[in-house]
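Engineer: Mind folding the following:
(2 chains)
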Amino acid sequence: MTLTVLVAVALAVPVRADDLDNRAREIAKKLQCPVCQTISVADSPSELAAQMRAIIREKLAEGWTEDQIINYFVERYGEGVLLEPPRQGFGLLAWVGPAVVVVFGLAIITAAVRAWVRPRPEAEPALDPGDEDRYAPELERAVKDA
Amino acid sequence: MSEFGRLVLIFALGLAIYNLIAAAGGGRRLSAPLLASARNGLLGVAVLMTGALATLLLALLTHDFSIRYVAENSSLEMPRIFIFTALWGGQAGSLLFWAWMLSVLGALAVWLHFQAEVRLIPWVMAVISGVQVFFLLVLNFLTNPFEKLPVVLPNGRGLNPLLQDPGMLFHPPLLLSGYVSWSIPFAFAMAALITGRLDREWLPVTRAWAMLAWLIQGAGLIVGGWWAYHVLGWGGYWGWDPVENVALLPWLVGTAFIHSLMVQERRGMLKLWNFGLIIAAFNLSIFGTFIVRSGVLTSVHSFAQSSVGPAFFTFLGISVVASVALVLYRLPVLRAQGDFESLLSREAAFLLNNLLLVGIAFATLWGTVFPLLSEAVRGEKLTVGPPFYNQVNGPLLLALVLLMGVGPLLGWRKTGLRVLLRDLLGPALFGLVVIAGLYAAGIRLAEALLGFWAVAFVAGTVFLEFYRAVRIRRRAMAEGVLTALLRVIGRNRRRYGGYIVHLGILILAVGVIGSNFFKLEREFTVRPGETFSLGRYTLRFEQVGEWTDPGVRNVGAAITLLEPFERELLPYRKFYRNWEQTPASHIEIVTVVPWLEDLYVFLTGWSADGSATVHVFVNPLVPFVWLGAAVALFGGVVAAWPARQARFAPAAVPARGVVAGGD
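Structural biologist: Numbering: from 1, shown residues only, chains lettered A, B, ... in the order given. Sure, this is the predicted structure:
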């Protein structure tokens, strides 16, 4: 069935089947297969995903844009059909949460270390930069038999 | 058999309650007889639980369909080997396995450390018994694996076909054991908090058990990836699926713990943080079991209908509140002043390592619960799929890999910037040479080149670490390279075992970069005799065929691989009796050695006119994922293997030390 659609497409519109295939796959990658858990329509082995892939190709062949096709699925299945949360409204919270935590954590760590740093009188490294093995003594103790 | 099983579970519950009281009482009053009795009690629970597990296994093997669990999870025609997977294939069985594993590990911990850790052991026993009491309550009253059916059925429903796979023999028990094993280090941490012995005493034993948990859970995760890759048919090994995610959480936090406890060992800092991490690892294990078992994933609303969801939620709440309260109680002692000399120190590197690991864990947790959150708040369930994790965790993982290269070169206390830069120069240039080669070979994708550069750079620093140590050892001891290398590792297994783990992670990263950025994938609908190609592979579809095995109807597509070499392929689908709607799959995976990539052929469907639809993937470098994981686990074993003295430590301390001292 898919093949016939493809053939029809190749004849009807001046678009190469390969190119259409790639565009269809790009769209399918952004949609979640509604009967799976976090597997894209592009990858899912399920029947429904196969049908959705066919629909995407059909719509592309009819000249729909990517946004139109995605909206078409959102209208039918809800926003949950998008494989990643939208970067607006409530979905934005998903993106912002981890960033806030990491930045906040970085700030805490930097502040804590700054507060804890007790500079010794000789601020310059006591180690001789020319010394080839910086922790040679430590290493020597570590690797030799007792 | 059902009555016997139920009786054993009741006895185990009674005994666990007794152990809890005896251990806590013994700990308070420092009563040696009471503690010895609790110890014997814990061994007793292990024996009873082993009996219960054996009874369920026997019921499955003898097809006792009067027991609901047996009828729902096995059938007469099931291959005998998968009877074992039925043992943990259902809810009651998996929880029974959890409780059994806890009883065995608990008994082992108590037996090993009873004499050496006199002060901590009463509370270790009490905490372990407390967790056991919860699981036994659930097993006795909410989801009893020995529940009887009103009638004896002639045959069972059989096991979900997806679970009838060799991977399922190892993946669930390893993952469950991983979850369970975080209980032991947690119990030692709680014991330290309760007794107020907060110095380094609890660390070595906690580290040993945390390493064990890390290894088991790591193995469980990778076997899970192997199973997904070989069974599910979407061409990947890791899908950021909620069930995978929650199993990753304790492992990530545990990894942070294993690193940051070194700061406490060396510098006496981060006590509070270390307690926090191990407490988080345990509670995330309970959270993982809860998420998987409560049905909360399908919808927040199915949670209330699940038999064990509310119980787990309550237990999780109690556990979190109790552990946080204990930490707060000890806060004045734990909040020690840090002692840093420089941001350019290993201490600071470990802090950053912890931030990244915990950050990844948080992002993963956030992404996992976000759909539930959106459903609860907005009434619409949003999806958080792989693209989210790739974009959020990807950069964090890259930073973590880079840190893996810089951190080990930093000395404790402080390192001179010039020395550090000189050490980093060689590996950084090596990385540039590697990606120049890749660029010349035609790889242009910036993200992938950056990833490969990071891997090569870190590999260079790890190599330098080994090279330096081996050179010093050779100079000092006049040994050959290989002998010196082995002795270097043997003399300082924690350090060099850790580097082996890092090497394994780097190899794994190569596989992840390759399969993420260079995967080819296409679906073909083909008629008999038609050829189709993807990448360098050309295949010809011959025909669809059907055959039957006991209890299974198979439909397969005969395909010939024509280029670059000839090979007959037969991807097929398996329709198990009673499970016709969810066919399992046999996927043809050909690992092509010269290019280190997998050709992955999955049969999606077929139609009456004889045509078939196949989904073909070319997955570059996937073999590196398995190889890297194996190397990392090996390194973990090297680093975790108990030191000779520690192994004999329990016998070295006199038994009457139990009552002596204590506070």
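Engineer: State the phi and psi torsions of A:S46.
Structural biologist: Per-residue torsions, A:S46: phi -80, psi 160 (degrees, to the nearest 10).
Engineer: Would you mind listing the residues in contact with it?
Structural biologist: A:33, A:35-36 (C-beta atoms under 8 Å, 6 or more residues apart in numbering or on different chains). Just so you know, the C-beta spots here come from the backbone N, C-alpha and C atoms, and that holds for glycine as well.
Engineer: Next up, phi/psi of B:L382, please.
Structural biologist: phi -80, psi 160.
Engineer: List the contacts of it.
Structural biologist: B:L382 sits in contact with A:79-80, A:82, A:85-86, A:90-91, A:94, B:370-371, B:374, where contact means C-beta under 8 Å, 6+ apart.
Engineer: From B:V292, how far out is it?
Structural biologist: Distance of B:L382 to B:V292, given as C-beta to C-beta, to the nearest Å: 21 Å.
Engineer: are any of the contacts of A:S46 buried, and which?
Structural biologist: A:33, A:36 (16 or more other C-beta atoms under 10 Å in any protein chain shown).
Engineer: For the chain, give me the ranges with low pLDDT.
Structural biologist: By default, I'm working from chain A. A:1-18, A:118-146 (pLDDT under 70).
Engineer: That was the other one, I meant chain B.
Structural biologist: B:295, B:298-305, B:336-338, B:643-663.
Engineer: Report the central residue of it.
Structural biologist: B:Q217 (2.7 Å; C-alpha atoms, centre = their mean).
Engineer: Can you verify B:F575 is assigned to a helix?
Structural biologist: No - with DSSP: H, G, I helix; E, B strand; the rest coil as the criterion, B:F575 is assigned strand and is not in a helix.
Engineer: Contacts only, for the nearest residue to it once chain neighbours are set aside.
Structural biologist: For B:F575, ignoring the flanking residues on the chain, the nearest one in space by C-beta to C-beta, 6 or more residues apart in numbering or on different chains is B:R553 at 4.4 Å. Under the criterion of C-beta under 8 Å, 6+ apart, the neighbours of B:R553 are B:546, B:574-575.
Engineer: quick one on the thing from earlier: looks like the residue nearest to the centre of chain B contacts B:S181 (just checking).
Structural biologist: Yes - the criterion here is C-beta atoms under 8 Å, and B:Q217 meets it with B:S181 at 7.4 Å.
Engineer: Mark which of the contacts of B:L382 are buried, thanks.
Structural biologist: Listed as buried from the contacts of B:L382 are A:79-80, A:82, A:85, A:90-91, A:94, B:370-371, B:374; burial here means 16+ other C-beta under 10 Å.
Engineer: before we move on, the earlier item: with secondary structure and distance to B:A456 as extra columns, can I get the contacts of B:L382 in CSV?
Structural biologist: Shown next, in CSV, are those (DSSP: H, G, I helix; E, B strand; the rest coil; distance: C-beta to C-beta, whole Å):
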residue, secondary structure, distance to B:A456
A:E79, helix, 41
A:G80, helix, 41
A:L82, strand, 36
A:P85, coil, 35
A:P86, coil, 37
A:F90, helix, 42
A:G91, helix, 37
A:A94, helix, 34
B:F370, helix, 35
B:P371, helix, 38
B:S374, helix, 41
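Engineer: TSV please, covering those residues and showing distance to A:L106.
Structural biologist: Formatted as TSV, those follow (distance: C-beta to C-beta, whole Å):
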residue	distance to A:L106
A:E79	32
A:G80	33
A:L82	30
A:P85	24
A:P86	27
A:F90	26
A:G91	25
A:A94	20
B:F370	22
B:P371	27
B:S374	27
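Engineer: Check for me that the residue nearest to B:F575 belongs to a strand.
Structural biologist: Yes - secondary structure of B:R553 (three-state DSSP): part of a strand.
Engineer: partner residues bridging it?
Structural biologist: B:T548, B:F575 (DSSP bridges).
Engineer: Could you check how far it is from B:Y576?
Structural biologist: 8 Å.
Engineer: What of B:E546?
Structural biologist: When B:E546 is compared with B:Y576 (using C-beta to C-beta), they lie 15 Å apart.
Engineer: Name the residue in those two with the higher neighbour count.
Structural biologist: B:Y576 (22 against 11; other C-beta atoms under 10 Å in any protein chain shown).
Engineer: For chain B, which segments count as strands?
Structural biologist: B:520-526, B:531-534, B:537-549, B:552-563, B:567-569, B:572-576, B:584-586, B:588-592, B:597-606, B:612-620 (DSSP state E).
Engineer: no wait, chain A
Structural biologist: Under DSSP E, chain A gives no strands.
Engineer: how's it carved up into domains?
Structural biologist: A:2-81, A:87-116 (automatic domain parsing).
Engineer: Buried deepest among the ones you listed, which one?
Structural biologist: domain A:2-81 (a mean of 17; mean count of other C-beta atoms under 10 Å in any protein chain shown).
Engineer: could you measure the one residue in chain B that gets nearest to chain A against B:L344, distance?
Structural biologist: Going by C-beta to the nearest C-beta, chain A is nearest to B:G416 of chain B, at 3.1 Å. Counting by C-beta to C-beta, the gap from B:G416 to B:L344 is 8 Å.
Engineer: B:S306 now?
Structural biologist: Taken as C-beta to C-beta, the span from B:S306 to B:L344 is 51 Å.
Engineer: Also B:K414?
Structural biologist: Applying C-beta to C-beta to B:K414 and B:L344 gives a distance of 6 Å.
Engineer: More neighbours: which of these two?
Structural biologist: Applying other C-beta under 10 Å to B:K414 and B:L344 shows that B:K414 carries more neighbours, namely 23 against 18.
Engineer: Buried residues, stretch B:465-481. List them.
Structural biologist: B:465-466, B:468-474, B:479.
Engineer: Kindly report the same for stretch B:143-150.
Structural biologist: B:143-146.
Engineer: Repeat that for stretch B:159-175.
Structural biologist: Those would be B:159-165, B:167-175, for stretch B:159-175 by 16+ other C-beta under 10 Å.
Engineer: Show me the contact partners of it.
Structural biologist: Against stretch B:159-175 from outside (C-beta under 8 Å, 6+ apart): B:73-75, B:78-79, B:81-82, B:84-86, B:88-89, B:94, B:97, B:101, B:216-217, B:219-221, B:223-224, B:226-227, B:230-232, B:247, B:574, B:576, B:579, B:582-584.
Engineer: and that stretch, C-alpha only, in CSV?
Structural biologist: Extracted in CSV, the C-alpha atoms of stretch B:159-175 (Å, rounded to 0.1, in the frame of the first residue of the first chain):
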residue,chain,number,x,y,z
LEU,B,159,3.8,-15.4,30.0
ASN,B,160,3.9,-12.2,28.0
PRO,B,161,5.8,-13.2,24.8
LEU,B,162,8.2,-10.3,25.1
LEU,B,163,9.4,-11.8,28.3
GLN,B,164,10.0,-15.2,26.8
ASP,B,165,13.5,-14.3,25.8
PRO,B,166,16.9,-15.4,27.2
GLY,B,167,17.6,-11.8,28.2
MET,B,168,14.7,-12.0,30.6
LEU,B,169,16.5,-14.7,32.5
PHE,B,170,19.1,-12.1,33.6
HIS,B,171,17.7,-8.6,33.2
PRO,B,172,14.9,-8.5,35.8
PRO,B,173,16.7,-10.4,38.5
LEU,B,174,19.8,-8.2,38.0
LEU,B,175,17.8,-5.0,38.0
